[in-house]
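>>> quick one: sequence plus predicted model below, questions after.
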Amino acid sequence: MAESDIMADCARKRLVWDIKKDLLTLPADELFHIVKVIGPTPGKDTSELDLEDSEGCFEYIDALMSSVLASAANVPKAENCQNYTASDELKVENSNIVEI
């Protein structure tokens, strides 16, 4: 796996984690609104969710994010992102290698 591929994968993983952390800070009604906007998610049913179900709404959004990432099967996956710094990530983003 090329170093640029590893850095791109690490950048994706960091971005996904940042999004998940931000989602966890939202109230249930805002998560519910996001669920309604993003549309269908494989293996999930929005009819089972309501305005008070923050956990269910988070799981729905997380499932969509996971399915989108899994569908990028041709993208190499990095096993260890610890060796790459924010400056490495910036280089990858500036060279347009990162596609999310």
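In hand now; what should we look at?
>>> what helix or strand is the most centrally placed residue in the chain on?
Here the mean C-alpha position of the chain is nearest to the C-alpha of residue 16 (C-alpha atoms, centre = their mean), at a distance of 3.3 Å. Following DSSP states H and E, the helix or strand that holds residue 16 is helix 3-24.
>>> what distance do you get for the residue nearest to the centre of the chain to residue 2?
Shown here: residue 16 relative to residue 2, a distance of 21 Å by C-beta to C-beta, to the nearest Å. Glycine gets a C-beta too; all of them are placed from N, C-alpha and C.
>>> same check, this time on residue 52
Note on residue 52: its distance to residue 2, by C-beta to C-beta, is 47 Å.
>>> quick one, which of those two is more surrounded?
Between residue 52 and residue 2, counted using other C-beta atoms under 10 Å, residue 52 has the larger neighbour count: 12 against 9.
>>> tell me the SS of the more buried one?
Judged by DSSP: H, G, I helix; E, B strand; the rest coil, the three-state class of residue 52 is coil.
>>> distance-wise, check it relative to residue 15.
With distances taken as C-beta to C-beta, residue 52 is found 29 Å from residue 15.
>>> also residue 53?
Residue 53 sits 26 Å away from residue 15, taking C-beta to C-beta as the criterion.
>>> brilliant, that's me finished.
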